[in-house]
Structures are given as C-alpha cells and as structure tokens.
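*Asks:* predicted model and sequence below, questions to follow.
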Amino acid sequence: MVARQNVPLVKAWRIRLGMTIEEIATAAEMPSEEIRILETKRNTFSLPLMRVAFVMNLDIDQLTDILH
C-alpha cells in the first residue's frame, strides 16, 4: 500500500490494523487532528509518533519514514 499507492506509513498501518483515527486518538490521548496530520506527512521520530506506535502495538521504526 505504501509503495503502490503512495500511502503514508501511519495511515497504511492504521488501515491494516482496522483502526479508526478516532480510536487511535482516544487511546493515545491525542486530538484526532494530530493523527490526521501524522497521516499526511513523512514522519521522523517524535513523542506523538511514539505514542501512536504504542497504541498500534508497533515499533517506532515501523512508522518513521526518515531515519532518526
């Protein structure tokens, strides 16, 4: 999905895991708008991204587009 359809990693994993933006936002205690922003850009290591990775039960490296 990431390579073929140019879908950002956060969004691709969210879809793969069958989660909604609202579910992730609630579990990560973040505004849903912040999740939407993470889904529309290339991501480097950050605390918000680490919280999203935790909620998705992923390693932070699975969501980073740029090496940290």
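*Replies:* Alright, I've got the coordinates. Numbers count the residues shown, from 1 in each chain.

*Asks:* quick one, what contacts the residue nearest the centre of the chain?
*Replies:* The chain has residue 10 as the residue nearest its centroid, 2.9 Å off, counting by C-alpha atoms, centre = their mean. Contact analysis of residue 10 by C-beta atoms under 8 Å, 6 or more residues apart in numbering lists 35, 38-39, 43, 49, 52, 63. In this view, the C-beta of every residue, glycine as well, is placed from N, C-alpha and C.

*Asks:* make JSON lines out of these and add distance to residue 23.
*Replies:* Formatted as JSON lines, those follow (distance: C-beta to C-beta, whole Å):
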{"residue": "35", "distance to residue 23": "10"}
{"residue": "38", "distance to residue 23": "14"}
{"residue": "39", "distance to residue 23": "13"}
{"residue": "43", "distance to residue 23": "19"}
{"residue": "49", "distance to residue 23": "17"}
{"residue": "52", "distance to residue 23": "11"}
{"residue": "63", "distance to residue 23": "16"}
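
*Asks:* from these, which has minimum pLDDT?
*Replies:* Ranked by pLDDT, those bottom out at residue 43 (83).

*Asks:* can you count the residues close to that one?
*Replies:* By other C-beta atoms under 10 Å, the residues close to residue 43 number 21.

*Asks:* swap in residue 49?
*Replies:* 19.

*Asks:* got it, and residue 63?
*Replies:* By other C-beta under 10 Å, neighbour count at residue 63 equals 22.

*Asks:* that one contacts residue 11, doesn't it?
*Replies:* No - with contacts counted by C-beta atoms under 8 Å, residue 63 stays clear of residue 11, the gap being 10.2 Å.

*Asks:* what helix or strand does the residue nearest to the centre of the chain sit in?
*Replies:* helix 9-17 (DSSP states H and E).
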